[in-house]
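**Student:** I'll drop the sequence and a predicted model, then ask my questions.
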Amino acid sequence: MTPKRRSPPSQTWRTFLANNVRELVALDFFTVLTARLRVLFVLTEHPTAAWTAQQLVDALPDESGPAYLLRDRDRAYGQRFRHRLKAMGIEEVLTAPHSPWQNPFAERLIGSIRRECLNHVLVLGERTSAAS
């Protein structure tokens, strides 16, 4: 029996990021826990595909979008969002499930916001907070 011929390996994740960093936008949502143990998304309480698609249009006006958009598999990126992305000529690059390390740009920004801002306030609800 002849052994199966293996195809050459694709580039590593790190190589992809390094090769495309100037053509890439990273996107992620993050949450904050309130004093009443309620989870809130930062910027909006319940992100929908329509809201997320509009944020994309607002952030990348005049067809100035990148070649790639790096994101996780959150349900907020629904059909409407994916159609908008395709219409803008941007290719989606999805991270593997439960792999935040694959989106280092967004994760680093979220970590910085948490350390520098959110760790110093007690979030009571959507519109209120108390200094710690």
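**Tutor:** Cool, the structure landed. Since the structure is predicted, the reported quantities are computational estimates derived from the model, not experimental observations. Numbers count the residues shown, from 1 in each chain.
**Student:** and the strands in the protein?
**Tutor:** 24-26, 31-33, 39-41, 68-71, 91-94, 121-123, 129-131 (DSSP state E).
**Student:** is residue 122 in contact with residue 35, as I believe?
**Tutor:** Yes - applying CB atoms under 8 Å, one finds residue 122 in contact with residue 35, separated by 5.5 Å. C-beta: built from backbone N, CA, C; applies to glycine.
**Student:** rewinding a little: between the strands of the chain, which one is closest to residue 106.
**Tutor:** strand 24-26 (4.2 Å; CB to CB).
**Student:** elements contacting that closest one?
**Tutor:** strand 68-71, helix 104-116 (3 or more CB pairs under 8 Å, 6 or more residues apart in numbering; DSSP states H and E).
**Student:** buried deepest among those, which one?
**Tutor:** strand 68-71 (a mean of 21; mean count of other CB atoms under 10 Å).
**Student:** other residues contacting it?
**Tutor:** With contact meaning CB atoms under 8 Å, 6 or more residues apart in numbering, strand 68-71 is reached by 20, 23-28, 56, 77, 85, 90-95, 102-103, 105-106.
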